[in-house]
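Q: Build me a model:
(chains A and B)
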Amino acid sequence: MQIQPILSALKKHRLATALIALEIALACAVLCNACYLIAGRLSAMRINSGVDETSLGFLALQGFDASQASDLNARVVAGLRAIPGVESVHVINSVPFGPQAGAVGITLDQAGKQFRGVPELYVGDPGTPKALGLQLVAGRMPTADDYQPMTTFVPASSRVLIARALAEHLWPGQDPLGKEFWSGPFHFRVIGVVANLAIQQYDEEGEHGAQWTAFVPAQPGPQLAGTYLIRANPQDLDRVMTEAKAAMARIAPDAVVDQEGSQTIRELRQRFFKTDRAMAGLLVGVIVALLGVTAFGIVGLASFWVAQRRKQIGIRRALGATRADILRYFQTENFLIVTFGIVLGIVLAIGINLALMKFFEVPRLPLWYLPIGVLALWLLGQLAVLVPALRAAAVPPVVATRSA
Amino acid sequence: MFAYYLDLAIRSLKRNRLLTVLMVLAIAIGIGASMTTLTVMHILSGDPLPGKSAHVFYAQVDGDPTPDYSHREPPDMLDYQSAVDLWSAHRADRQALLVDSQIKARSPDAGRPPLMLMMLSTTWDFFPMFDAPFEYGSAWSAQDEAGRAHVAVISSDLNDKLFGGQDSVGKSLRLGDADVRIVGVLKPWRPSPLFYAVRGGRFANGDTAGYYIKPEDVFTPFFTGLEINDGNFQPFNCWSPPPKPGHLVHSPCNWVALWVQLDSSAKVAAYRDFMDGYATEQKALGRIGYTETRLRNLMQWLDFNHIVPRNAKLQTWLAFAFLAICLFNTVGLLLAKFLRRAGEIGVRRALGASRRSVFAQCLTEAGLIGLIGGIGGWLLTLVGLWLVRRQQTPYSDMVHTDVPMFLATFVLAVAVSLLAGALPALRASRIAPALQLKTL
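A: Numbering: from 1, shown residues only, chains lettered A, B, ... in the order given. This next block holds a predicted model:
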C-alpha cells in the first residue's frame, strides 16, 4: 500500500482532514482523562474497611441526657442482646463510613512539637475489636484491664491498637509495639497492630491517610454512649436492624433514634460512595456519547468523500485495482487521519491532566492510559469507516466510462 | 429573501435526512449536556443575597494563644471571648453572632415522638441583615435578647410539620428541657448556598455539597440558645481539649461566627482598623498570640471556601469538552454537505447570486439545524435535570430551570450552529461558478 497518493489526496481536503483530526484529538484527550477519573472513583470505592461489613450494623441514639448515659447504655445493650439472632452488642463511638467521631491531631512527643497528622480514633468497650473482626498482625489484643473509664473523649492514658498504615507512617521501618504518641494531654501506647481499619469519613485526596486509625479501649460512660455496634449473621442482619431500631425507641422513649444514621455498614458504605458511583456512571455515559458522536462524524465525512470520488474510484478499478485495494485505500486514509488526531490528542490529554491536577487535585495521569485511548480510537475509526469503504469498494469499473 | 433561504434550507435538510438527523442529534446532545451543567452551576454559584452581598462581611480573628503551628490565616470561626467582644462593641451597622447546634425538640400539644433539629442561636440583627422573610409574627425584641427570654422563630417546614402550617405564634415548643414561646414563623426560605453557615471549605477537598442544605428549623436568641442547649455544642476546632465537652463558653475552642453589615467603604476601613486594634490590644494583654485579622465580604468568603462542589465543576468542563466535539463534528458534516452541492451553488453564482447571498443561504441552513437541535437540547436538558434531581444531593430540590435558562438554551444552540456553519458557508461562497459549470 502506498501512502504517498493518500497523503496528496488528503492535502486537497486539508480543512475536512484537520476537522476530523481535531475532533479525534479532543475525543482522545477527554477519553483518556475520563477513563482515568473513572478508575480513580472505582479504586476509591474498593477501599478495605478492615471490618466484617456484612455482619455489622451501627445504631445511634440522640437527644438523651448525659447524666442518664450509663443507665441508658446498660438498658440498650441488654435490650439489643435480647433480639434473636444478635451475636454481640458493643458501645462504640463510630464505624467506618459512619459519622466522624474521633479525628485528633497527634504528636510523637509529649511537648507537642512533632506533629504527625490527624488520624481518627475508634473508642469501644470490651470485646469490640473481636466483634469488628479486626485482624491482629503484631502484638496483642487489649485485655480486660486495658479498658479504662474516661471522663473526656478518651482515657488520659490508653493502650491502643493501631492500623498497619498508621504504624508505617509514624515509625517507618521500626517495630511499633510499645511506641507512644500524644494528643494534647492524652497519652497513647501501642500494644498491637491490625492489618486494616479504615477511617470514618474516607476522603479521596487524603488517600494516604485512609487507614490512619487507632482503636482505643475504654469503658462506656457519659462520653461513650448512644452509639452501638451490633453483630449478627449476615442473613439475619436486615431483620435484626429493623427490630433493633424499634427496640431502642421502646427502651429509650425520651431519646431520638437517628433513623438516617442507624444502618448496616454495608448500607453506610453504599451511601458513602453514592456520589462517586453517580459520577462514574456519568463519565461512562459521556464516553459512550463521545465515541458515538465521533463515529458519526467519521461516517458522515467518509460517505461524502466516497460519493465525491465515485468517478476516480471507477477509473482506478478500470485500470486494474481490486476491490480490496479500494477498501484498503479508505481504511489507510482513515488510519492516517486518526493517527494525526491521536498525536495531537496525546498532547491535549496531558495538558488537560495538568489542568485537572491544578484545579481538581487529580493525580498525574499514568502513561499507560494513553495506549488504551489510542487503541480505542483506532478501532473506532476503522469500524466507522468500514461501511462507507465497503460502499466505495462496490463501485463498478464501468463508472469510469460514464461522463458524470 | 430570508423566507426564500428558509425554504431552500428546509428542502436541503429533507434531501439528506440521515445527515440532518446526525447533525441535529450532535447539537442536541451537546446542548443538552452543557445546559444541564450550566443550570446546576447557575444555581450553585449564584449570589445568595443579591444587592446586599457586597455590604455583608465575615469577621475572623485568631484567638489561639499557642505559639507553634503556622498561623498565616486566622481560623474559620471565633472563640467565644473575641466574638462577644467584637459584637458588643456595636461598631457595624448590623452585627450577628451565630452558633449552630443540634437539639431535641417536641411540641407539647401533639403526642408525637421527639425529633432532633438544627438550632441556630443568633442575635436579633440576623433577620434584617439576611432578609429572612416572615410569614407570621416577627423576630424577637432587643429586650428578649438581653433578658435571655425563652423565645424562638421557626422555619415554615417545622411549622408545617408541628402545626399543620397554621399561625403558631404564641404557641410553645419544648427545646431540650426548656419551653420556648414561638414569636415568629419564617416563609419558605432557601438561600443557595446556606451562606451564613459556610466555613471550613478549604479543608473539604471540594466536597462542598453540604453547604447547600436548608436553613435551620429553629432560631433562638444567642445567649438563650447557649443556655438551653449547654453541653451539646460542637467546636470548629480547639487548640486544647475543652475541659467540659459540649460546653464551649470560655473554652479553648473556635465555634462562633460573626457577620457584620457595613454600608460604606469608609465604614469597612474603620471596621478593619477596629478589628486590628482589638487583636493588638488582646495580644498585648497576652490572651491571644496572633494579630492577623480578616474581613471578607460575602462573595469573597464563599470564594475563599471554594463553594462550588468539585464534582459540579468537573461535570461542567466535561459538558463543554463534549459540546466542542459536537461542534467539530457539525463543522465537518456541514462542510461535506455544502461542498456536495457545489454544482448547485455554481449555477446560482453564475445566475448572479453574490458571494454574500450564498453565505447567507448556507448560514440560514446552519441556523435552522441549530434551532431544531435547540429543541432537542431543551428536552435533553429537562432529562438531564431530572437525573440531577435523582442524585439526591443536598441541592437537588433547587435544580429547576427558568425562563432565562430556557432562552439561553436556544441562544447557545443557534450560536453554536452558526459558529459551526460559518467556515463551511465561507468555503461554499468561495466556489468559482465557471469551474462548476464546466463539470455539469
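Q: Now do the domain split for chain A, please.
A: Using automatic domain parsing, the domains assigned to chain A come out as A:4-45+A:275-401, A:64-254.
Q: Nearest to B:Leu339 among those domains would be which one?
A: Closest approach to B:Leu339 among the domains of chain A (C-beta to C-beta): domain A:4-45+A:275-401, 7.7 Å. Bear in mind the C-beta positions are built from the backbone N, C-alpha and C, glycine included.
Q: Look up the pLDDT of the closest residue to chain B within the stretch 1-150 of chain A for me, please.
A: Using C-beta to the nearest C-beta, the single residue of the stretch 1-150 of chain A nearest to chain B is A:Gly63, 3.2 Å away. Looking at A:Gly63, its pLDDT reads 84.
Q: Can you name the residues that contact it?
A: A:Asp254, A:Ala255, A:Val256, B:Ile103, B:Lys104, B:Pro114, B:Met116 (C-beta atoms under 8 Å, 6 or more residues apart in numbering or on different chains).
Q: Which strands or helices does the longest helix along chain A pack on?
A: For chain A, the longest helix by residue count, based on DSSP state H, is helix A:323-360. Judged by 3 or more C-beta pairs under 8 Å, 6 or more residues apart in numbering or on different chains; DSSP states H and E, helix A:323-360 is in contact with helix A:4-12, helix A:14-45, helix A:274-308, helix A:310-318, helix A:369-393, helix B:310-340.
Q: Highest mean neighbour count out of these?
A: Greatest average neighbour count among the helices and strands packed on helix A:323-360 goes to helix B:310-340 (a mean of 23), per mean count of other C-beta atoms under 10 Å in any protein chain shown.
Q: which bits of the stretch 201-350 of chain B sit near chain A?
A: Residues of the stretch 201-350 of chain B found near chain A (C-beta under 8 Å from any C-beta of the partner chain) are B:205-207, B:209, B:231, B:240-241, B:245-246, B:310-311, B:313-315, B:318, B:321-322, B:324-326, B:328-329, B:331-333, B:335-337, B:339-340.
Q: okay, now residue 367: neighbour count?
A: Chain wasn't specified; assuming chain A. A count of nearby residues for A:Leu367, using other C-beta atoms under 10 Å in any protein chain shown, gives 10.
Q: hmm, I had chain B in mind actually
A: With other C-beta under 10 Å as criterion, B:Gly367 counts 19.
Q: For it, give me its contacts.
A: So B:Gly367 contacts B:Val414, B:Ser417, B:Leu418, B:Gly421 (C-beta under 8 Å, 6+ apart).
Q: would you list those in JSON lines and tack on secondary structure?
A: Listed next are these as JSON lines, based on DSSP: H, G, I helix; E, B strand; the rest coil:
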{"residue": "B:Val414", "secondary structure": "helix"}
{"residue": "B:Ser417", "secondary structure": "helix"}
{"residue": "B:Leu418", "secondary structure": "helix"}
{"residue": "B:Gly421", "secondary structure": "helix"}
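Q: Output the below-cut-off pLDDT ranges for the chain.
A: I'll assume chain A. A:1, A:204-208, A:361, A:403-404 (pLDDT under 70).
Q: ah, I was thinking of chain B
A: In chain B, residues with pLDDT under 70: B:67-71, B:109-110, B:436-440.
Q: just the helices in it please.
A: Here chain B has its helices, by DSSP H, at B:2-15, B:17-44, B:80-88, B:126-129, B:142-146, B:156-163, B:222-228, B:265-285, B:298-304, B:310-340, B:342-350, B:355-390, B:403-429, B:433-439.
Q: Dump those helices into JSON lines; add distance to A:Ile298 as well.
A: Shown next, in JSON lines, are the helices of chain B (distance: least, C-beta to C-beta, whole Å):
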{"stretch": "helix B:2-15", "distance to A:Ile298": "21"}
{"stretch": "helix B:17-44", "distance to A:Ile298": "11"}
{"stretch": "helix B:80-88", "distance to A:Ile298": "64"}
{"stretch": "helix B:126-129", "distance to A:Ile298": "59"}
{"stretch": "helix B:142-146", "distance to A:Ile298": "71"}
{"stretch": "helix B:156-163", "distance to A:Ile298": "54"}
{"stretch": "helix B:222-228", "distance to A:Ile298": "65"}
{"stretch": "helix B:265-285", "distance to A:Ile298": "59"}
{"stretch": "helix B:298-304", "distance to A:Ile298": "43"}
{"stretch": "helix B:310-340", "distance to A:Ile298": "9"}
{"stretch": "helix B:342-350", "distance to A:Ile298": "22"}
{"stretch": "helix B:355-390", "distance to A:Ile298": "19"}
{"stretch": "helix B:403-429", "distance to A:Ile298": "17"}
{"stretch": "helix B:433-439", "distance to A:Ile298": "27"}
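Q: right, so of the domains of chain A, which gets closest to B:Leu298?
A: domain A:4-45+A:275-401 (23.1 Å).
Q: Next up, the contacts around B:Ala152.
A: With C-beta under 8 Å, 6+ apart, B:Ala152 has these contacts: B:Leu173, B:Leu175, B:Val180, B:Arg181, B:Ile182, B:Val183, B:Val218, B:Phe219, B:Thr220.
Q: 6 Å instead, please
A: The contact partners of B:Ala152, taken as C-beta atoms under 6 Å, 6 or more residues apart in numbering or on different chains, are B:Val180, B:Ile182, B:Val218, B:Thr220.
Q: circling back: could you check how far the residue of the stretch 1-150 of chain A closest to chain B is from B:Val99?
A: Taking C-beta to C-beta, to the nearest Å as the measure, A:Gly63 falls 18 Å from B:Val99.
Q: ok, now B:Ile431?
A: Distance, B:Ile431 to B:Val99, by C-beta to C-beta: 73 Å.
Q: same check, this time on B:Lys161
A: For B:Lys161 relative to B:Val99 (C-beta to C-beta), the value is 23 Å.
Q: Which of these two has more residues huddled nearby?
A: Taking neighbours as other C-beta under 10 Å, B:Lys161 and B:Val99 compare with B:Val99 leading, 22 against 17.
Q: thinking the more buried one is in contact with B:Ser121, fair?
A: Yes - the pair B:Val99 / B:Ser121 is scored as a contact, 4.8 Å apart, by C-beta atoms under 6 Å.
Q: Which residue comes closest to the closest residue to chain B within the stretch 201-350 of chain A once chain neighbours are left out?
A: As assessed by C-beta to the nearest C-beta, chain B sits closest to A:Phe304 within the stretch 201-350 of chain A, at 3.5 Å. Once flanking residues are discounted, A:Phe304 sits nearest to B:Ala336: 3.5 Å by C-beta to C-beta, 6 or more residues apart in numbering or on different chains.
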